[in-house]
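[1] next input, structure requested:
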Amino acid sequence: MRPPARVWSVALHGVDGVPVEIEAVIGGGMPGVHLVGLPDAALNEAKDRVRSAIVQSGRGWPNERIVLALSPATLRKTGSRFDLALAAAVLAAASAIPPDRLHGTVLLGELALDGRLRPVRGVLPCLLAARAAGMVRAVVPRSALAEASLVDGLEAHGAGSLAEVLDWAAGDRELDRTVPPAGPVTARPIPELADVIGQDDARRALEIAAAGGHHLLMVGPPGTGKTMLAQRIVGLLPELGRPEALQLAAIRSVAGRLGERDALSTLAPFVAPHHSSSAAALLGGGSGVARPGAVSLAHRGVLFLDECPHWPAAVLEALRTPLEEGEVRLSRADGSVSYPARFQLVLAANPCPCAPPIDRDCTCRPDVRRRYLARLSGPLLDRVDLRVGMEPVTGFAVDGPHGEDTATVRRRVLAARAAAGARWNRHGWRCNGEVPGTELRSRFPLPKAVLEPLEKRLQVGELSARGADRALRVAWTLADLAGSDRPDRRDVDAALYFRDRGAA
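    Below is the predicted model of the structure:
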């Protein structure tokens, strides 16, 4: 029996890559291919794809017993990204290619029957894991080179076919290389806040939400600008740092939504699924290992749910855990995965089912109106920090004063974020909306006179303990926007005002 050959690939577990050593041994029994190491159906089918690709690439297939072992053996391997590594392992074990070029190299890609190299999902998180494991180079499909180049400290090579990879391994040719992009690319233009007519309360609530990372509910008739305002919150949020942009890009890569032009966008994501979306589309799911959903694609950005009373109640209730914990945990037959989901939730709703442009034209009975907004449960609304009612626009003041533009409001938001960051960074939090209530009360207690409105609401049962904590976080954001060291009584009253507005 010939000595085993070893090559490397990467398995994905959620958005975390796990380096996989592939060993190939030829000889010692009847001809056949045996794949061990908990492969799924797609990986088991790789035996036929690999054999055909090798033959079509002009190499001979060993007519002997071939054992391919993927380690760690206890980790389930899924997908077709191992094809290229399996083919290289077989040929290295058969001494058809020298193994030297494969040392410290991770191989990713699906093989077509004619030897073409096809793209696979999750290249970015796979290469991040490979770099952490000490790999020095990677060979990926040519179409994935832009994604692979985002990983610093790892040589990325792109190939279009198995034959190109084998010639490179033999030292007969060089593979394509890319230069990492000079800087991040903003994927889309930022909508202008000044386009929104009127709605002073809603504009103020939007600014507070952006400054503190708070969740927001807007209630109003159609045409009052709820969707316009929601889309404009992204322009107020700070840009993502490189680690955050890489994390978001890794999520998009696993979901198959990472484009070449905006691979490392620093613009906070804005995700707006339709109200007919399933729980799997919102939270993540699918057969085998669950893939990320809308809540993870909105990580470090905004998840906008328009017409929220029309969403299925069970789907809305499923948001409660990620809203509190900043991640979503999904369990399937092939294992459990966790995806990050630290997003700002923005909800929009009409005041009633008939939703006329002017409220006085409503034909709904009072009990129908109550039941409509009651589809948003108390526990879910308790996690929404800001609620605002919106009124119909009564005129176009072309020559009159316009609202502030995005740049002006964004400067205040960034200043407030900087103040909150200076206060919380050493404790591990980025903004007021992430601070646990117990920590807020113990580390930065406020005078009893300032907290008196909250105490009164708690005593009469108009506010839950969670609601009081969230109102307190909003008060801290109002103080940051005003340039104050800590909230005063007016900030607490204003926080309660925005909690009472809308569909309270």
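[2] pull up the pairing partners for the strand ranked longest in the chain, direction included.
    For the chain, the strand that runs over the most residues, judged by DSSP state E, is strand 16-26. Here strand 16-26 has these sheet partners by DSSP bridges: strand 5-13 (antiparallel), strand 65-71 (antiparallel).
[3] part of a helix, is residue 229?
    Yes. Under DSSP: H, G, I helix; E, B strand; the rest coil, residue 229 falls within a helix.
[4] and it, how far from residue 347?
    12 Å (C-beta to C-beta, to the nearest Å). (C-beta placed from N, C-alpha, C; glycine too.)
[5] tell me, what's touching these two both at once?
    residue 218 (C-beta atoms under 8 Å, 6 or more residues apart in numbering).
[6] residues of the longest strand of the chain that come out buried?
    For strand 16-26, the neighbour count (16 or more other C-beta atoms under 10 Å) marks 17, 19-20, 22-26 as buried.
[7] what pLDDT, on average, does it get?
    Average pLDDT, strand 16-26: 94.
[8] which residues sit in contact with the closest residue to residue 198 other than its chain neighbours?
    Nearest residue to residue 198, sequence neighbours excluded (C-beta to C-beta, 6 or more residues apart in numbering): residue 393, at 5.5 Å. Contact partners of residue 393, counting by C-beta under 8 Å, 6+ apart, are 197-199, 223-225.
[9] neighbours around residue 60, how many?
    Residue 60 has 10 neighbours, counted by other C-beta atoms under 10 Å.
[10] residue 51 versus that one, what's the distance?
    From residue 60 to residue 51 the distance is 11 Å (C-beta to C-beta).
[11] now the strands for the stretch 1-150 of the chain?
    Remark: strands assigned in the stretch 1-150 of the chain by DSSP state E, counting those that start in this stretch are 5-13, 16-26, 32-36, 65-71, 105-107, 110-111, 117-118, 137-141.
[12] now for the ones you listed, which one comes closest to residue 254?
    Nearest of the strands of the stretch 1-150 of the chain to residue 254, taken as C-beta to C-beta: strand 5-13 at 6.6 Å.
[13] quick one: low-confidence parts of the stretch 1-150 of the chain?
    Scanning the stretch 1-150 of the chain for pLDDT under 70 picks out the ranges 1.
[14] now with 50?
    By pLDDT under 50, the stretch 1-150 of the chain has no low-scoring segment.
[15] which of the buried residues of strand 16-26 lies closest to residue 495?
    Once C-beta to C-beta is applied, the member of the buried residues of strand 16-26 that ends up nearest residue 495 is residue 17, at 42.6 Å.
[16] show me what whichever helix or strand residue 253 is part of is packed against.
    Assignment of secondary structure by DSSP states H and E places residue 253 within helix 242-255. Under the contact definition 3 or more C-beta pairs under 8 Å, 6 or more residues apart in numbering; DSSP states H and E, helix 242-255 sits against helix 123-132, strand 291-292, helix 294-297, strand 335-340.
[17] mind listing what the helix or strand just after that helix pairs with, with the direction of each?
    Next helix or strand after helix 242-255 toward the C-terminus (DSSP H and E): strand 270-271. Strand 270-271 has the following strand partners under DSSP bridges: strand 302-305 (parallel).
[18] tilt between the longest strand of the chain and strand 32-36?
    150 degrees (axes from the mean of the first three to the mean of the last three C-alpha atoms, to 10 degrees).
[19] how far off centre is strand 16-26?
    Distance of strand 16-26 from the chain centroid (C-alpha atoms, centre = their mean, to the nearest Å) equals 28 Å.
[20] also stretch 224-240?
    Centroid displacement of stretch 224-240 relative to its chain, using C-alpha atoms, centre = their mean, is 18 Å.
[21] the closest residue to residue 104 other than its chain neighbours: neighbouring residues, count only.
    Spatial nearest neighbour of residue 104, excluding adjacent residues (C-beta to C-beta, 6+ apart): residue 136 at 4.3 Å. Residue 136 has 13 neighbours, counted by other C-beta under 10 Å.
[22] what residues are up against residue 136?
    Residue 136 makes contact with 104-105, 154-155 under the criterion C-beta under 8 Å, 6+ apart.
[23] same check on residue 217?
    The neighbourhood of residue 217, defined by C-beta under 8 Å, 6+ apart, consists of 308, 346-349, 376, 381, 384, 386-388, 502-503.
[24] out of these, which are inside strands?
    Judged by DSSP E, the subset of the contacts of residue 217 located in strands is 346-349, 386-388.
[25] report the two of the residues you listed separated the most.
    So, the ones in strands among the contacts of residue 217 by C-beta to C-beta: farthest apart are 349 and 386, at 13.8 Å.
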